[in-house]
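> predicted model and sequence below, questions to follow.
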Amino acid sequence: MSKKESTDDIRISKARPLITPWVLADELPLSARAGATVAASRSTIEAILAGKDPRLLAIVGPCSVHDPAALLDFADRFQAAAAPLSDAIFPVLRVYFEKPRTVVGWKGLINDPDLDGSFHINRGLHVARKVLLDVAERGMAAASEFLDTTFGQYYADLVSFGAIGARTVESQIHRELASGLSMPVGFKNGTYGQIDVAIDAIRSASHSHWFPSLTKEGTPAILESTGNPHGYLILRGGKQTGPNYGAEAVKAAATALAAADLPPSLIVDCSHGNSGKDPQKQAVVVSSLCEQIQTGEHAIRGVMLESHLVAGSQSIGDGSELTYGKSITDACLSLEDSVPLLQQLAAAVRMQGQ
Ligand SMILES: O=C[C@H](O)[C@H](O)COP(=O)(O)O
Ligand SMILES: C=C(OP(=O)(O)O)C(=O)O
């Protein structure tokens, strides 16, 4: 008699319990103030992206959140700096918890909140939800990338703008996820610069899908989405095409959107492939966008800036000797250097309206 071979879970070495979205929301419920902020922000962002509100979205913040206190400090200063620009700019805080790595690296605060490879995901979900609640209670809108297809169930009620990144924009499960998200969603062009995959994603996510997920109580479930009519293109440049923020690239993208029967409205990410990951070059991108906006380019409805309290980036090390307010993923522009860029963008929007 031969011995029965084990064929299952051969490469799974450990399993830990995962809390349910319901348990987390019971500990950290949506407050009335936070709920009102999110609902109003989503409507404003939808109106801006649809061209019904002439302001520009400014999605600004660190590449990733690794220290909630520094993020909230940044939030307060960003909110104060944006207040005098509110006739032209709608500020949205970048609150990114999940990092899609090119190969490997720290995967963000939800996956590894202790920054040491201990992967205390239950704690990470708790910290992330608390940060988002604190942001919403300040009356600020938050933008976040959805990478894991179930984590959103733990915090999406606090997010006003969602993003699907350049590495996952072609993924069917991310398109299904976006089709069921409650907020407007931006789809990045692919890492090589292809915009067609993002346009396909917008179209796919606008349809209804059936897909497996998790209920709030933590039961595996097959969900049916209605489709998300608020999907928009984010131009972030690419390895093959180079930057795509210039007037010609913006016009070509708007034409491609219109050809796909989509509104010719888009967001430009000043970082990533558009800055060649040199944070200072975000200023060059902003300057081009200002010129385009001023001269009547209405397709540009939003910008994204990677900015933190301190310029640059630092290596994570063992997490114990970090400079406060400095990115541990992509290098950022300092907030001090970002505020004049927001002022320039506001001036361009005001000129466009004249
Ligand atoms: O925005 C963040 C990064 O560009 C993205 O997560 C990829 O990072 P990596 O190439 O350092 O892994
Ligand atoms: C990972 C990001 O961007 P992209 O998907 O464009 O690389 C990001 O914005 O954090």
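Yes, it's here. These figures come from a predicted structure and were not determined experimentally. Ligands and ions are numbered 1, 2, ... in the order given.
> who in the stretch 51-200 of the chain is up against ligand 2?
Residues of the stretch 51-200 of the chain lying close to ligand 2 (CB under 6 Å from any ligand atom) are 63, 96, 100, 145, 165-167, 188. The way it works is simple: take the backbone N, C-alpha and C, and place the C-beta from them, glycine included.
> now the strands for the stretch 101-250 of the chain?
141-145, 161-164, 185-188, 210-214, 220-224, 231-235 (DSSP state E, counting those that start in this stretch).
> contacts made by the third one with the rest, please.
The contact list for strand 185-188, computed with CB atoms under 8 Å, 6 or more residues apart in numbering, reads 161-166, 169, 178, 198, 201-202, 205, 228, 230-234, 236, 267, 269, 302.
> what number of residues lie near the closest residue to residue 151 other than its chain neighbours?
Using CB to CB, 6 or more residues apart in numbering and skipping residues adjacent in sequence, the residue nearest residue 151 is residue 110, 6.0 Å away. For residue 110, the neighbour count with other CB atoms under 10 Å is 26.
> contacting residues for residue 110?
Contact analysis of residue 110 by CB under 8 Å, 6+ apart lists 97-98, 121, 124-125, 127-128, 148, 151.
> distance of residue 202 relative to residue 29?
33 Å (CB to CB, to the nearest Å).
> out of these two, which sits in the busier spot?
The neighbour comparison of residue 202 against residue 29 (other CB under 10 Å) goes to residue 202, with 25 against 13.
> not counting sequence-adjacent ones, nearest residue to that one?
residue 231 (3.8 Å).
> ditto for residue 319
residue 115 (3.3 Å).
> where's residue 202 relative to ligand 2, distance?
Using CB to the nearest ligand atom, to the nearest Å, one obtains 15 Å as the distance from residue 202 to ligand 2.
> next up, the contacts around that residue.
187, 231-233, 260, 262.
> most neighbours, which of these?
Ranked by neighbour count (other CB under 10 Å), the contacts of residue 202 have residue 187 at the top, with 31 neighbours.
> partner residues bridging that residue?
residue 164, residue 233 (DSSP bridges).
> in contact with the one residue in the stretch 51-200 of the chain that gets nearest to ligand 2, which residues?
Nearest residue of the stretch 51-200 of the chain to ligand 2 (CB to the nearest ligand atom) works out as residue 165 at 3.0 Å. The contact partners of residue 165, by CB under 8 Å, 6+ apart, come to 100, 145, 147, 188.
> next one: residue 23
Residue 23 neighbours (CB under 8 Å, 6+ apart): residue 218.
> let me see the mean pLDDT of the helix or strand containing it.
Per DSSP states H and E, residue 23 falls inside helix 21-27. In this model, helix 21-27 has an average pLDDT of 98.
> and it, what's buried?
21, 23-25 (16 or more other CB atoms under 10 Å).
> keep the residues you listed, but drop any that are not near ligand 2.
Near ligand 2, by the rule CB under 6 Å from any ligand atom, you find none of those.
> a markdown table for these, including distance to residue 133?
Shown next, in a markdown table, are the buried residues of helix 21-27 (distance: CB to CB, whole Å):
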| residue | distance to residue 133 |
| --- | --- |
| 21 | 14 |
| 23 | 15 |
| 24 | 11 |
| 25 | 10 |
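> residue 331 and residue 344, how far apart?
Distance from residue 331 to residue 344, by CB to CB: 21 Å.
> just residue 98 next, same as before
31 Å.
> so those two - more neighbours on which side?
residue 98 (20 against 17).
> wait, what's in contact with the closest residue in space to the more buried one that isn't next to it in sequence?
With sequence-adjacent residues excluded and distances taken as CB to CB, 6+ apart, residue 98 is closest to residue 147, at 3.8 Å. Neighbour list for residue 147: 98-100, 108, 165, 168 [criterion: CB under 8 Å, 6+ apart].
> swap in 7 Å and give it another go.
Residue 147 makes contact with 98, 100, 165, 168 under the criterion CB atoms under 7 Å, 6 or more residues apart in numbering.
> mind checking the SS state of the first one?
Remark: residue 98 carries the secondary structure label coil [criterion: DSSP: H, G, I helix; E, B strand; the rest coil].
> immediately after the helix holding residue 23, which helix or strand?
helix 32-49.
> gap between that following helix and the chain center?
16 Å (CA atoms, centre = their mean, to the nearest Å).
> other SSEs contacting that helix?
helix 121-137, strand 300-308 (3 or more CB pairs under 7 Å, 6 or more residues apart in numbering; DSSP states H and E).
> most packed of those?
Ranked by mean neighbour count, the helices and strands packed on helix 32-49 are led by strand 300-308 with a mean of 27 (mean count of other CB atoms under 10 Å).
> I'd say residue 232 and residue 267 touch.
Yes. Counting by CB atoms under 7 Å, residue 232 touches residue 267, with 6.1 Å between them.
> what sits against residue 310?
323, 325-326, 334.
> just to revisit the earlier point, pLDDT value on the residue nearest to residue 202, please?
98.
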